[in-house]
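Trainee: got a sequence here, can you model it:
(chains A and B)
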Amino acid sequence: MNNSFFEIFKIFFIIGIQLLGGGYVIVPLLKKYIVDEKKWMSEEELVDYYAMSQCLPGIIACNIATASGYRAKGVLGAITAILGIIVPPFLCILFLAKILTHIVDYPLIKNAFWGIRISVVILILLTIKEIWAKSVNSIFSYILFFIILICLLILPVSPTVIIILSAITSLTYCQIRRKNNA
Amino acid sequence: MLKLYFLLFWEYLKIGIFALGGGYATLPFLYYLQSQYNWFTLDELTNMIAVSNITPGPIGINMATYTGYTTAGIIGSIVSTTAIILIPCTIVIIMTKLINKFKSCNWLQDIFTGLKPAACALLASIGLKLLYQNIVYSKIEWSFPVQINYQAIILFLILIIPFSFMKKNPLLIILAGAIGGVIIKSF
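Mentor: So this is what the prediction gives:
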């Protein structure tokens, strides 16, 4: 089993390059490289880490990379994995950001980005459609969703405040319901 | 300048802790940053979302790098990217050790029952605000009278009808938007 730091960095670098269109794509990639090829963890562990990564704060792909790196070679392995997965997109973005500031004023590019902005709205709407069934599926969640949405549209509330308040509301509500059922 | 780096670090640290549920969850926070500090314009932010979608890498990281770069150059991008992953990754390392205890912990599930619709509502508010901003000329939010941008409505309808029946493909949607934008604007 070859799990030197360089090997960990290399594998996560390769995964980082292939990550296109959001964090969820990382699961099949980890399955292929880490579970099947390198055997640094079992498939069951991957499923556990994925579930855990979704419930913890942070970007899902980074969380799951951290967990896999940690599993392979402790804390330093985790840091190596994060670096491996972040370096390719980081360089890509810097490169694109530099180019874009130079070409964004050409009429053709301007018009293309005018259209792309509408694509982004559609992307956001489609993402909501995707997570809707898993997120808003009970009377409690419907009420919470609409109260928060109306608040956000009227007032400039910080998302941090919204997240903290909903966590407290939800914890209180579920604990009371558990007690009543018991 | 040093003060700006600290502010950047602090804001992205908060995003790292409170943005739950993937890259798109960071959008409401970035939108809020935009309204608070004016580090970048709303149009720039929307362009960044598009670029982050078509570049390899987790969207949340791409957005942090890009917004950090626009705000304070290369050092800014290093600061924002480090800040956004710092606390979550520390938590993950601790949790990986304790994963078996974590599985049977019901208060965490209780918190998530409410966080999921909250994250959904945060994203929905951004979607509606961006939709409004793109289809009317008014620069101020929710103000009247407004002038409606018919070209934008046409492109929106042309794009959303076929794509809502397909599996989500960011690359294709952005490409179609770019081509559609060039064609419609040339009339």
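Trainee: for the rest of this, base every contact and every neighbour count on C-alpha atoms.
Mentor: Noted.
Trainee: just the element for residue 95, please.
Mentor: Using chain A. Using DSSP states H and E, A:Phe95 falls within helix A:60-103.
Trainee: um, chain B though
Mentor: Counting by DSSP H and E, B:Met95 is part of helix B:59-97.
Trainee: is chain A contacted by that helix?
Mentor: Yes - applying C-alpha under 8 Å from any C-alpha of the partner chain, one finds helix B:59-97 touching chain A at B:59-62, B:65-66, B:69-70, B:74, B:84-85, B:87-89, B:91-93, B:96.
Trainee: out of these, which end up buried?
Mentor: Buried members of the residues of helix B:59-97 next to chain A, counted by 16 or more other C-alpha atoms under 10 Å in any protein chain shown: B:59-62, B:65-66, B:69-70, B:84-85, B:87-89, B:91-93, B:96.
Trainee: ok, B:Lys167 to A:Leu123 distance?
Mentor: 11 Å (C-alpha to C-alpha, to the nearest Å).
Trainee: try B:Asn149
Mentor: For B:Asn149, the distance to A:Leu123 - C-alpha to C-alpha - is 20 Å.
Trainee: neighbour count: these two, which is higher?
Mentor: Using other C-alpha atoms under 10 Å in any protein chain shown as the criterion, B:Asn149 and A:Leu123 rank with A:Leu123 on top: 25 against 14.
Trainee: tell me which other helices or strands the helix or strand just after the helix holding A:Phe95 touches.
Mentor: Downstream of helix A:60-103, the next assigned helix or strand under DSSP H and E is helix A:107-135. Other helices and strands packing on helix A:107-135, by 3 or more C-alpha pairs under 8 Å, 6 or more residues apart in numbering or on different chains; DSSP states H and E, are helix B:42-54, helix B:106-135, helix B:150-163, helix B:170-185.
Trainee: make JSON lines out of the ones you listed and add mean pLDDT.
Mentor: JSON lines is the format used below for the helices and strands packed on helix A:107-135 (pLDDT from 0 to 100):
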{"stretch": "helix B:42-54", "mean pLDDT": "86"}
{"stretch": "helix B:106-135", "mean pLDDT": "84"}
{"stretch": "helix B:150-163", "mean pLDDT": "90"}
{"stretch": "helix B:170-185", "mean pLDDT": "89"}
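Trainee: out of those helices, nearest to A:Arg177?
Mentor: Ranking the helices and strands packed on helix A:107-135 by distance to A:Arg177, with C-alpha to C-alpha as the measure, places helix B:106-135 first at 10.3 Å.
Trainee: for that closest one, packing partners?
Mentor: Helix B:106-135 packs on helix A:107-135, helix A:139-154, helix A:159-181, helix B:27-37, helix B:150-163, going by 3+ C-alpha pairs under 8 Å, 6+ apart.
Trainee: so which of those has the densest surroundings on average?
Mentor: Of all these, helix A:107-135 has the most neighbours on average by mean count of other C-alpha atoms under 10 Å in any protein chain shown, namely a mean of 21.
Trainee: I'd say A:Gln54 and A:Asp48 touch.
Mentor: No - A:Gln54 lies out of contact with A:Asp48 (C-alpha atoms under 8 Å); the separation is 10.2 Å.
Trainee: overlap of the contact sets of the two?
Mentor: Applying C-alpha atoms under 8 Å, 6 or more residues apart in numbering or on different chains, one finds that no residue jointly contacts A:Gln54 and A:Asp48.
Trainee: specify the residue ranges that define each domain of the chain.
Mentor: This is for chain A. A:5-102, A:136-182 (automatic domain parsing).
Trainee: switch to chain B, please.
Mentor: Taken from automatic domain parsing, chain B resolves into B:1-116, B:135-187.
Trainee: for chain A, which spans come out with low pLDDT?
Mentor: A:1-3, A:21-24 (pLDDT under 70).
Trainee: centroid residue for chain B?
Mentor: B:Leu27 (2.3 Å; C-alpha atoms, centre = their mean).
Trainee: name all residues that make contact with the nearest residue to that one once chain neighbours are set aside.
Mentor: Of all residues not flanking B:Leu27 in the chain, B:Leu123 sits nearest, at 7.2 Å (C-alpha to C-alpha, 6 or more residues apart in numbering or on different chains). Counting by C-alpha under 8 Å, 6+ apart, B:Leu123 makes contact with A:Ile124, A:Ile128, B:Tyr24, B:Ala25, B:Leu27, B:Pro28.
Trainee: contacts only, for the second one.
Mentor: By that I understand A:Ile128. B:Cys120, B:Leu123, B:Ala124.
Trainee: take those and lay them out in JSON lines including distance to B:Thr41.
Mentor: What follows is the contacts of A:Ile128, written out as JSON lines (distance: C-alpha to C-alpha, whole Å):
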{"residue": "B:Cys120", "distance to B:Thr41": "24"}
{"residue": "B:Leu123", "distance to B:Thr41": "19"}
{"residue": "B:Ala124", "distance to B:Thr41": "20"}
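Trainee: most tightly surrounded among the domains of chain A?
Mentor: Note that of the domains of chain A, domain A:5-102 is the most buried (mean count of other C-alpha under 10 Å), with a mean of 20.
Trainee: and for the residue nearest to B:Ala25 when sequence neighbours are not counted, the neighbour number?
Mentor: Excluding the flanking residues, the one nearest B:Ala25 by C-alpha to C-alpha, 6+ apart is B:Ala19, at 5.3 Å. As a burial measure, B:Ala19 scores 27 neighbours (other C-alpha under 10 Å).
Trainee: which one, of the helices and strands packed on helix A:107-135, ends up nearest to A:Trp114?
Mentor: Comparing the helices and strands packed on helix A:107-135 by C-alpha to C-alpha, helix B:170-185 comes nearest, at 5.9 Å.
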